[in-house]
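Asker: missing the sequence, but the structure's below:
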């Protein structure tokens, strides 16, 4: 696993009261509940787009305007992970109902998962899945508890020719974030149009705005596209709870940055093009694969935590949604444009009736906007 880069002396992370710039309280903002999008707009690329186009200015567009906002020779890097039906209703042999929420594939049919109620599911307990209590389609045994997530390590067993993922597809459901309460939202709306690699338990939501037609227009404009994979897990959506953000520990997430993608990025930069990450997960994958000093092919886990002070090695610009207060995602974006400016942009987005979170609108941070933010230090 590639460790997160420590950006300040180790002694600064002591559990004492943090300085203002590293205080969790500094990343809070007030959002009216009605600004939380419950369903995506139709078509997807008709969502609004706040464009940060210089160190001091921004403009309001729609996502379909993206080809006119990028330059020929730019490269979009998207996360092609696919959200799996991670929410599995089950039951104990006694018949008591259990809910399993898959978090991370540990290999050999073992998964880290949250379980509810978890107090009674100790190592050795079993959970059955399927409509027939007498002949379950799938059985999981609790192997151990996980102190970092308060979850359980489960070992799945099944008979027949169907794969474990095929059984998840039949028995589970794609989980929507808890702040999406509108039953009109569908699982299909929570997948990007380029989702291919199953393994995520939450969507890389910045990519939800793209349509095949928009990609065609981007290609005609001379904007390229490359793929990475980061299976979104608890590392992305787990809230930051430490008052001093330097004390926050990111949970590792699996990434795959291929040799082909590295070649595309290097060629783009060599000819003067810009690398635009689509989503914070693409940022973490690219920067995680560059922690040895330069970008290289990488397959494994990263627990990279990006916050103000981080020096970006690969990413020049970013397409991102509007994130929850106090989240590690808000801190990552702050590292690109500065915390105070980002919060001012959020204030304007709220005033302009932008829609927030997973099904909401988006922000484009152009490379021209990054140069004036003091190398990522809070300002």
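Answerer: The structure has been received and is ready for your questions. Since we're looking at a predicted model, the values are computed, not measured.

Asker: Buried ones in stretch 117-125, by neighbour count?
Answerer: 118, 121, 125 (16 or more other C-beta atoms under 10 Å). All C-beta atoms are positioned from the backbone trio N, CA, C, and that covers glycine.

Asker: distance between the ends of it?
Answerer: Stretch 117-125 stretches 12 Å from its first residue to its last (C-alpha to C-alpha, to the nearest Å).

Asker: Pick out whichever of the buried residues of stretch 117-125 sits closest to residue 294.
Answerer: residue 118 (42.9 Å; C-beta to C-beta).

Asker: quick one: secondary structure of the closest one?
Answerer: Under DSSP: H, G, I helix; E, B strand; the rest coil, residue 118 falls in the coil class.

Asker: Next: residue 348.
Answerer: helix.

Asker: Near it, how many other residues are there?
Answerer: When neighbours are counted by other C-beta atoms under 10 Å, residue 348 registers 12.

Asker: Quick check: the gap between it and residue 319.
Answerer: As judged by C-beta to C-beta, to the nearest Å, residue 348 and residue 319 stand 18 Å apart.

Asker: The closest residue in space to residue 357 that isn't next to it in sequence bridge partners, please.
Answerer: Nearest non-adjacent residue to residue 357, counting by C-beta to C-beta, 6 or more residues apart in numbering: residue 36, 5.4 Å away. Beta-bridge partners for residue 36, by DSSP bridges, are residue 356.

Asker: Next, count neighbours for residue 36.
Answerer: Around residue 36 there are 20 residues (other C-beta under 10 Å).

Asker: Let me know the distance separating it from residue 135.
Answerer: Taking C-beta to C-beta, one finds residue 36 at 42 Å from residue 135.

Asker: contacts for the host helix or strand of residue 261?
Answerer: If you go by DSSP states H and E, residue 261 is part of helix 259-270. Applying C-beta atoms under 8 Å, 6 or more residues apart in numbering, the contact partners of helix 259-270 are 73-75, 77, 224, 226-228, 274-275, 286, 289, 295-297, 314.

Asker: Looking at these, spot the one nearest residue 66.
Answerer: residue 74 (10.2 Å).

Asker: Tell me who's in contact with residue 131.
Answerer: Contact analysis of residue 131 by C-beta under 8 Å, 6+ apart lists residue 137.

Asker: Equivalent analysis for residue 92, please.
Answerer: Taking C-beta under 8 Å, 6+ apart, we find residue 92 in contact with 98, 120-121, 125-128.

Asker: of all those residues, which two lie farthest apart?
Answerer: Farthest apart among the contacts of residue 92 by C-beta to C-beta are 120 and 128. That separation is 14.7 Å.

Asker: before we move on, back to that, just the buried residues of the helix holding residue 261, please?
Answerer: 261-262, 264-265, 268.

Asker: residues in contact with the helix or strand just after it?
Answerer: Toward the C-terminus, helix 259-270 is succeeded by strand 275-278 as the next helix or strand (DSSP H and E). Residues from elsewhere that reach strand 275-278, judged by C-beta under 8 Å, 6+ apart: 70, 74-79, 204, 206-207, 210, 265, 268-269, 283, 286, 314-319.

Asker: between the helix or strand that strand 275-278 is followed by and helix 259-270, how big is the angle?
Answerer: Downstream of strand 275-278, the first helix or strand assigned by DSSP H and E is helix 280-288. Between helix 280-288 and helix 259-270, the angle comes out at 80 degrees (axes from the mean of the first three to the mean of the last three C-alpha atoms, to 10 degrees).

Asker: Which elements pack onto the following helix or strand past helix 280-288?
Answerer: Later in the chain than helix 280-288, the nearest helix or strand by DSSP H and E is strand 298-302. Strand 298-302 is packed against strand 253-257, helix 280-288, with contacts defined by 3 or more C-beta pairs under 8 Å, 6 or more residues apart in numbering; DSSP states H and E.

Asker: Please spell out which residues along strand 298-302 are buried.
Answerer: By neighbour count on 16+ other C-beta under 10 Å, the buried set for strand 298-302 is 298, 301-302.
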